[in-house]
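Participant: Sequence first, predicted coordinates after that:
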Amino acid sequence: MIPKIDYGYSATLERLKEWMTNCGNHLGKNLNETETRNKIIDPLFISVMGWNEKQLSREGYLNKIGYYDYEFQSEEEKFILEAKRECVPFHMPNANVVKSTSLKNKYSELKEAISQGIDYAVPRSIDVVAVCNGSQIAVVYVPYYHTKECDTYLFKDHDRIFEDIINFYNLFSPNQSIKKELKKLLESKNNILIRSRPSFLQKINQKQQNPDDVLPNNQLATYLSTIHDKYFTEIISNWELLKKCYCDYEGAHQYEKNIEFVLRDRAPRLGKVVEDITIIDEDNDEWEKEQPVGPITTDKIVDIKTTRKTADAFDDRFTSYRNNSKMFLLIGGAGAGKTTFIHRFFNFILSEDDRNSTVWIYLDCKECASDTNLDTFIYQKIEDELFEKYSSLGIFDNKNTLLNVFANDIKRKKALLSLISEEQQNEKKFEIIEEIIEKDKQTYIKRLFEYIQKMEYSTCVVYDNVDQLDTELQKKLFLHGNAVKERLRTTLILSLREEVYYQHENDKTFNFSDCEVFHIPAPRIYNVLAKRLKAAKEELDESQMLFGIKNTKGMSITLKKLDIIEVLTQTFIGSQENTLLLEMLSNRDVRESLRMFKKIISSPNITYDDLLVAAGVSSIKAQSDKRIKNDELLKALALENRIHYQSSKSKIINIFDINNDGFFSHFTKLRILQYAQSNLTLTVGTLPKGFFQLKVMYNEFFRYTVNDLETFINICLSLQKEGALINLKGSISSLESSDFVSLGPTGYFYLNNLKLNPMYLALISIDAPITDENTVERIEDLYDKSKKAVSEFQKNKRYHDMANAYIDYLILSEKEEIEFLKSIGCPDIESPLYKISENIKDQINIGSE
């Protein structure tokens with residue numbers, strides 16, 4: 001079955017990132033208009049946004065006017081799109097919202113394209129016109145064209161599309177009303193400026209000859225990918241490796257105590273008492289004592305939280321219900337290890353007798369899309385699993401077994417069958433069975449389960465990876481799983497993200513009270529890497545080599561595979577700072593941490609030359625420091641295989657980027673995070689420490705620097721999606737003014753680490769919108785020299801100077817803000833939240849002495 005594409009917001013955002021990367025292969029190549037349509041515009045609207053060919057017409061003809069390029073039509077609205085050549089950029093003003101008739105002189109090409117589109121739209125009574133040249137888009141509300149109202153919304157470049165993705169999605173998704181959304185944007189308070197938008201100069205990365213330049217693959221990339229794909233992905237089929245590498249939850253290390261408020265799974269437990277069960281350790285013959293958290297209760301949630309032994313607690317409950325219909329709900333943050341737990345439980349924890357007498361149906365729900373017919377999808381998957389794993393039961397190849405499976409259906413027709421000959425009876429039985437198998441999959445699967453259970457097997461259906469789907473689909477699958485559990489009278493295990501559980505735990509339609517709920521905390525990435533690197537080491541010996549590896553000087557060298565693993569071990573296990581980089585930026589998502597690990601170790605921006613010892617007969621085995629420096633890891637994660645940093649294409653965001661909030665400050669996001677950190681010890685009523693209400697934060701501090709609450713919510717939402725803020729409800733993709741939020745792991749890391757890191761500041765300085773020409777020239781000159789530098793010392797000196805130049809600019813920028821805020825009567829102007837740049841300068845100078 002070909003999975004259907006999810007055109008929801010989150011999935012669309014991921015496709016937009018991919019589209020932006022692909023566009024780098026075409027922009028600047030002097031494409032004609034047809035090529036611009038085929039290679040850039042069509043993929044954007046069809047592959048990314050989800051329009052299909054039936055919803056658009058190309059090159060329609062209007063009498064006396066001519067041919068228009070596109071007409072889009074959904075159930076909601078119509079709009080005309082006028083396409084222009086990629087190589088003819090539009091000059092656009094800095095503002096998002098403009099009056100099209102005011103676009104004169106240098107904006108004349110844009111104005112002309114808009115007028116042309118309107119000429120096509122008016123005769124067809126279409127109210128919206130879009131103009132696109134592949135990298136810029138203008139959207140016009142035609143009824144406002146002859147009024148004094150602003151009528152045009154601008155996306156100045158790909159970065160602006162990415163930054164303003166919520167509005168872009170709401171305008172151009174076929175499931176939205178472009179007319180309604182455009183009117184809302186044009187009339188919104190978002191267009192009210194607190195101060196005039198500064199005249200930002202072109203970003204330095206956009207001034208490069210090819211902003212999307214990439215480096216050739218790291219010479220070790222192939223081998224490192226092999227290591228990663230074996231040891232550092234989800235281990236679900238290599239049982240011996242899983243046994244070695246399974247990593248249970250352990251308490252925080254001492255070095256993490258200063259961030260204990262923010263190192264948590266995404267969804268806090270709303271003060272709910274959790275029963276913490278500890279069981280026997282595989283490496284210890286003694287039982288550990290139970291350590292209840294809070295008063296001892298019979299609460300439904302059991303925290304699977306021990307050292308290499310917890311699944312016994314799950315096993316006890318599972319075994320007691322295995323012959324009944326019961327749902328087991330596994331909740332945890334994204335990437336917490338629910339899939340690994342499920343596979344380990346069945347293959348190692350469940351007793352051999354129970355395993356042999358259980359028909360275990362594992363369904364990977366990642367293939368499910370929002371418009372999938374769940375009955376068709378689930379029952380077909382169950383049939384496939386039974387055929388592939390349990391054909392030995394004879395239900396697919398034994399005639400007598402098949403007759404037993406459908407015995408009751410045949411029995412109901414017994415009197416009727418007695419009226420015909422035996423030969424005709426066999427034909428009729430065939431028709432009865434075929435009718436059910438081919439046309440009633442639900443009854444067919446029910447009959448198979450009834451037969452299997454009659455043969456004294458217990459059954460269990462696992463809905464895995466439900467937590468990787470969007471929230472609405474998770475809800476549907478939970479409700480569907482409940483129904484399947486009752487229809488098939490089976491045990492059912494379903495993995496659900498915490499946020500969905502906590503949002504609906506009091507919703508009676510979900511009936512969580514009938515579930516056994518287990519919480520799986522994410523293990524420390526330090527422990528995960530330590531066990532997997534150890535497993536990799538154990539499978540290698542001194543004689544295993546890599547031949548013909550070329551270093552940066554072009555010389556071929558021979559390397560011991562063990563030396564490579566030793567470099568990775570010393571780098572990530574020998575330095576808590578390096579492990580913390582993965583853990584904090586992934587927001588405790590182990591799956592994401594491992595993806596980041598692969599990006600880092602395979603990046604051509606890391607040089608291994610000085611760390612790897614050439615193997616040979618004369619090699620001397622000696623202890624040495626083989627750690628990759630933290631700055632190199634950060635650079636590798638920020639750039640991957642790219643030469644120039646672009647925040648829109650990087651895991652590392654530019655925390656100093658400006659927002660379209662009417663004030664255009666470099667510091668808004670950092671001020672939000674600093675406000676959150678200052679409230680970590682705050683207790684509001686019965687809420688957990690550190691949570692405060694969003695609208696209270698806005699009214700208390702941000703109403704002078706963000707033009708309205710809705711815009712402020714959108715800024716905070718972007719931080720929440722990165723894990724920089726945590727929502728008390730557990731939500732990730734939604735945020736309301738009444739929500740309570742707290743500082744998240746990623747936010748803590750940006751605030752207390754990255755903003756003070758010269759390498760980070762140097763990287764983002766080329767992606768930063770800057771108003772001062774001298775600063776741009778200074779950073780640009782240093783950046784050019786860094787690319788030509790021969791030694792690492794020279795490169796690092798240039799990076800440090802770039803960071804200092806950017807900090808000096810930030811100090812001047814913040815001073816200008818303070819002077820303006822004083823002039824409009826902003827209170828609390830002496831707050832530390834208005835002294836971010838000076839604080840950075842002081843701390844970096846201290847750190848560099």
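Facilitator: Structure's in. What do you need?
Participant: Every contact and neighbour count from this point should use C-alpha atoms.
Facilitator: OK.
Participant: Mind exporting the C-alpha coordinates of the helix or strand hosting Ile432 to PDB?
Facilitator: Following DSSP states H and E, one finds Ile432 within helix 422-439. Written as PDB, here are the backbone C-alpha positions of helix 422-439 (Å, rounded to 0.1, in the frame of the first residue of the first chain):
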ATOM      1  CA  GLU A 422     -22.400 -32.400  -1.600                       C
ATOM      2  CA  GLU A 423     -20.500 -31.100  -4.600                       C
ATOM      3  CA  GLN A 424     -22.700 -28.000  -4.600                       C
ATOM      4  CA  GLN A 425     -22.300 -27.700  -0.900                       C
ATOM      5  CA  ASN A 426     -18.500 -27.400  -1.300                       C
ATOM      6  CA  GLU A 427     -19.000 -24.700  -3.900                       C
ATOM      7  CA  LYS A 428     -21.400 -22.800  -1.700                       C
ATOM      8  CA  LYS A 429     -19.000 -23.000   1.300                       C
ATOM      9  CA  PHE A 430     -16.300 -21.600  -1.000                       C
ATOM     10  CA  GLU A 431     -18.600 -18.700  -1.900                       C
ATOM     11  CA  ILE A 432     -19.500 -18.000   1.800                       C
ATOM     12  CA  ILE A 433     -15.800 -17.900   2.800                       C
ATOM     13  CA  GLU A 434     -14.600 -16.000  -0.200                       C
ATOM     14  CA  GLU A 435     -17.400 -13.400   0.300                       C
ATOM     15  CA  ILE A 436     -16.100 -12.700   3.800                       C
ATOM     16  CA  ILE A 437     -12.400 -12.700   3.000                       C
ATOM     17  CA  GLU A 438     -12.700 -10.400  -0.100                       C
ATOM     18  CA  LYS A 439     -15.500  -8.000   1.000                       C
END
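Participant: Helix or strand next in line after it, which one?
Facilitator: helix 441-454.
Participant: who's in contact with that next one?
Facilitator: 375-376, 379-380, 382-383, 395, 404-406, 436-437, 458-459, 487-488 (CA atoms under 8 Å, 6 or more residues apart in numbering).
Participant: how far does the helix holding Ile432 sit from the chain's center?
Facilitator: 50 Å (CA atoms, centre = their mean, to the nearest Å).
Participant: and that helix, average pLDDT?
Facilitator: For helix 422-439, mean pLDDT rounds to 86.
Participant: if I read this right, Ile726 contacts Gln720, doesn't it?
Facilitator: Yes. Using CA atoms under 8 Å, Ile726 makes contact with Gln720 at a distance of 6.1 Å.
Participant: okay, and the common contacts of the two?
Facilitator: In contact with both Ile726 and Gln720: Ile732, using CA under 8 Å, 6+ apart.
Participant: quick check, Ser495 in a helix?
Facilitator: No. Counting by DSSP: H, G, I helix; E, B strand; the rest coil, Ser495 is not found in a helix; it is strand.
Participant: which residues of the stretch 651-800 of the chain score low on pLDDT?
Facilitator: Along the stretch 651-800 of the chain, no part satisfies pLDDT under 70.
Participant: can you give me the helices for it?
Facilitator: Under the criterion DSSP state H, counting those that start in this stretch, the stretch 651-800 of the chain contains helices at 668-678, 694-697, 709-722, 745-752, 758-765, 773-788, 792-823.
Participant: how about these, which one is nearest Gly117?
Facilitator: helix 709-722 (30.5 Å; CA to CA).
Participant: list the buried ones in that closest one?
Facilitator: Buried residues in helix 709-722, defined by neighbour count with 16 or more other CA atoms under 10 Å: 709-720, 722.
Participant: got TSV for those, with distance to Ala121 too?
Facilitator: Below are the buried residues of helix 709-722 laid out as TSV (distance: CA to CA, whole Å):
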residue	distance to Ala121
Leu709	35
Glu710	32
Thr711	32
Phe712	35
Ile713	35
Asn714	32
Ile715	35
Cys716	38
Leu717	36
Ser718	35
Leu719	39
Gln720	40
Glu722	40
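Participant: Just the closest of these to Tyr501, please.
Facilitator: Gln720 (18.3 Å).
Participant: if we can go back for a sec, so of the contacts of helix 441-454, which ones are in helices?
Facilitator: Asp375, Thr376, Tyr379, Gln380, Ile382, Glu383, Asn404, Val405, Ile436, Ile437, Arg487, Leu488 (DSSP state H).
Participant: okay, these in JSON lines with neighbour count and distance to Lys203 next?
Facilitator: As requested, those are exported to JSON lines (neighbours: other CA atoms under 10 Å; distance: CA to CA, whole Å):
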{"residue": "Asp375", "neighbour count": "13", "distance to Lys203": "52"}
{"residue": "Thr376", "neighbour count": "12", "distance to Lys203": "51"}
{"residue": "Tyr379", "neighbour count": "18", "distance to Lys203": "53"}
{"residue": "Gln380", "neighbour count": "16", "distance to Lys203": "52"}
{"residue": "Ile382", "neighbour count": "18", "distance to Lys203": "54"}
{"residue": "Glu383", "neighbour count": "15", "distance to Lys203": "56"}
{"residue": "Asn404", "neighbour count": "16", "distance to Lys203": "73"}
{"residue": "Val405", "neighbour count": "22", "distance to Lys203": "70"}
{"residue": "Ile436", "neighbour count": "17", "distance to Lys203": "65"}
{"residue": "Ile437", "neighbour count": "15", "distance to Lys203": "63"}
{"residue": "Arg487", "neighbour count": "15", "distance to Lys203": "60"}
{"residue": "Leu488", "neighbour count": "22", "distance to Lys203": "60"}
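Participant: what about Phe162, which SS state?
Facilitator: Looking at Phe162 with three-state DSSP, the answer is helix.
Participant: Please report how far the closest residue to Phe232 other than its chain neighbours lies from Glu367.
Facilitator: The shortest distance from Phe232 to any non-neighbouring residue, by CA to CA, 6 or more residues apart in numbering, is to Leu594 (6.1 Å). Distance from Leu594 to Glu367, counting by CA to CA, to the nearest Å: 22 Å.
Participant: So between these two, which is more surrounded?
Facilitator: Neighbour count, other CA atoms under 10 Å: between Leu594 and Glu367, Leu594 has more, with 23 against 16.
Participant: and that one, that's in a helix?
Facilitator: Yes. Assessed by three-state DSSP, Leu594 belongs to a helix.
Participant: pLDDT value on it, please?
Facilitator: 87.
Participant: That one and Thr233 touch, don't they?
Facilitator: Yes. The criterion here is CA under 8 Å, and Leu594 meets it with Thr233 at 6.7 Å.
Participant: Closest one to Phe572 out of the contacts of helix 441-454, please.
Facilitator: Out of the contacts of helix 441-454, the member with the shortest distance to Phe572 (by CA to CA) is Ile382, at 41.5 Å.
Participant: Who does the residue nearest to the closest one when sequence neighbours are not counted form a beta bridge with?
Facilitator: Excluding the flanking residues, the one nearest Ile382 by CA to CA, 6+ apart is Ile361, at 6.5 Å. Beta-bridge partners recorded for Ile361 (DSSP bridges): Val461.
Participant: In terms of pLDDT, where does Ile361 sit?
Facilitator: 93.
Participant: where exactly do the helices run in the stretch 501-650 of the chain?
Facilitator: 525-538, 561-572, 576-585, 590-601, 630-639.
Participant: how does this protein divide up, domain by domain?
Facilitator: 9-187, 221-230+525-641, 390-456, 668-848 (automatic domain parsing).
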